[in-house]
Structure formats: structure tokens, C-alpha cells
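Student: quick one: sequence and predicted model below, then my questions.
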Amino acid sequence: MRLDLEVELRAGPVAVSAEYERPAGAWASVVVAHGAGAGYDHPFLTGLTAGLAAEGLATLRFNFAYVEAGRRMPGPAAHAVAAWRAAVAADAERVEVAEPIWAGGKSYGGRMASMACAQGEIDVAGLVYLGYPLHPPGDPGKARAAHLPAIAVPQLFLSGTNDPFVDPHEQLVEAVASCPDASIEWVEGAGHSFEVTGARRPADEVGAGLAPRVAAFVRARAR
């Protein structure tokens with residue numbers, strides 16, 4: 001189901017595109033955001049949400065305002081946090097029997113979810129990161145982890161072993177260990193977009209292939 005979300009920015013409200021899918025008998029929902037260089041309809045995300053629906057999870061994926069406006073570079077983090085606030089609120093309007101709402105995202109989208117949660121701007125049951133961008137490639141000195149220990153809900157970091165955004169691995173391990181409740185699941189041989197050298201697959205299949213891992217973690221932490 002196609003939606004338009006109203007995001008409150010300092011300059012005034014803007015509308016962003018979203019897609020909501022609810023399979024019969026859904027037992028939880030996951031709000032999903034795109035990476036910095038993509039939009040809500042990227043095949044990786046459509047494959048992921050289709051896979052989550054097959055696992056019985058409702059999903060809402062959405063655009064950040066800069067993508068909706070046709071820009072390539074993300075705007076202020078506050079704009080992304082505002083989009084997250086609107087997306088979680090829209091999902092909450094559609095849940096049934098107070099089912100848990102999780103937040104997740106590919107790279108930048110997941111990092112913005114973590115900031116929104118750490119700032120108390122969204123109330124979710126847990127967070128799932130699909131390739132958390134811990135630092136710029138080749139620059140581990142610029143880690144983006146200071147806010148992570150402030151997140152009390154469960155966090156799952158799905159990361160490829162060949163992802164340059166988490167090299168060296170020990171840095172991600174240390175960041176996760178600093179959190180109250182966080183886990184890492186490594187995808188052997190995968191890069192930042194979970195592509196595996198020598199095993200080329202369409203992006204939608206790659207996204208769908210991660211859905212069972214996400215669903216298993218959400219199910220294990222169900223309240």
C-alpha cells in the first residue's frame with residue numbers, strides 16, 4: 001500500500017513516499033530505511049521487505065526528504081531523524097494488538113535510526129542494522145559509535161566480513177560490546193551491500209536472503 005508521510009522540518013512539512021505491506025497474521029512490524037545512495041524502492045529493500053513479509057512481518061519502507069527532493073547527498077541528520085519519527089508513527093497507526101515495532105535500515109538508514117532512538121525520538125522494540133557504517137572506508141579514526149551505548153533496546157548488527165566500513169572488525173566488536181544489548185552476525189565474504197565475490201546475485205535476492213536472519217532475531221527478542 002502506497003503512502004505519503006508528512007515529515008516536519010524546520011522550514012515546514014514535506015511529504016515523502018512510503019510503502020506499507022502487511023501479511024495475514026503479522027506478529028510484528030519492521031520500519032526500514034534506505035542507504036545514502038538509494039531510495040525506498042531500491043531492489044535490495046524491496047527484496048528484504050518481501051522476505052520479511054514471507055516471515056510474517058509487516059513492513060514500512062520510506063524515503064528520506066533529500067531523496068524525495070531529487071538530491072543525491074543526505075541533508076542534516078535532524079531531517080533524517082524527523083523522517084524516522086514520522087515513519088514509526090505511521091507504522092504505529094497500523095499495528096494490531098500492540099505488536100512490537102522494530103526499526104532497521106541499510107547503512108545510512110540504519111545509522112539514522114540509531115540516532116533517532118538514542119535521542120528518544122522513536123520508541124521501538126529493537127534495531128536492526130544492515131551494514132552499519134561504523135566509519136568511512138579506510139578511516140577508522142572517524143568512528144560513528146559514541147551514541148550507541150545510550151540505546152537500551154536490542155540491536156542486531158548484520159555485517160559482511162569484507163565490508164570496508166567495519167574494517168578492522170575489532171572496532172565493531174568493541175562498539176557492540178559497549179551497548180547494553182547488542183549482537184553481531186557476520187555474513188562471510190560479503191561486502192557493504194552484502195555482495196559476495198564470485199557469487200553474483202540480483203540485489204533483491206540479496207535483500208531477501210537476509211530476511212530470515214532478521215526475523216529470527218526479532219522473534220527471539222519478542223516481548
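Tutor: Cool, the structure landed. Numbering: from 1, shown residues only.
Student: backbone dihedrals for residue 24, please?
Tutor: phi -60, psi 130 (degrees, to the nearest 10).
Student: ok, it to residue 14 distance?
Tutor: 33 Å (Cβ to Cβ, to the nearest Å). Yep, even glycine has a C-beta here, placed from its N, CA and C like the rest.
Student: for those two, indicate the residue with more neighbours.
Tutor: Of the pair residue 24 and residue 14, residue 14 is the one with more neighbours under other Cβ atoms under 10 Å, namely 17 against 6.
Student: ok, and what's touching the top strand by length along the chain?
Tutor: When the chain is parsed with DSSP state E, its longest strand is strand 12-21. Identification of contacts with strand 12-21 by Cβ atoms under 8 Å, 6 or more residues apart in numbering yields 1-7, 39-41, 49-50, 53, 58-65, 67-69, 83, 86-87, 90-91, 94.
Student: residue ranges with poor pLDDT in this protein?
Tutor: 223 (pLDDT under 70).
Student: can you give the strand pairings for the next helix or strand after the longest strand of the chain, parallel or anti for each?
Tutor: Next in sequence after strand 12-21, counting helices and strands by DSSP states H and E, comes strand 28-33. The strands beside strand 28-33 in its sheet (DSSP bridges) come out as strand 57-62 (parallel), strand 101-106 (parallel).
Student: run the chain-centre distance for strand 28-33.
Tutor: 8 Å (Cα atoms, centre = their mean, to the nearest Å).
Student: next one: stretch 4-19
Tutor: Counting by Cα atoms, centre = their mean, stretch 4-19 comes out at 19 Å from the chain centroid.
Student: thinking again about what came up before, in JSON lines: the strands paired with strand 28-33, plus distance to residue 212 and mean neighbour count.
Tutor: Compiled in JSON lines, the strands paired with strand 28-33 are given as follows (distance: least, Cβ to Cβ, whole Å; neighbours: other Cβ atoms under 10 Å):
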{"stretch": "strand 57-62", "distance to residue 212": "11", "mean neighbour count": "27"}
{"stretch": "strand 101-106", "distance to residue 212": "14", "mean neighbour count": "27"}
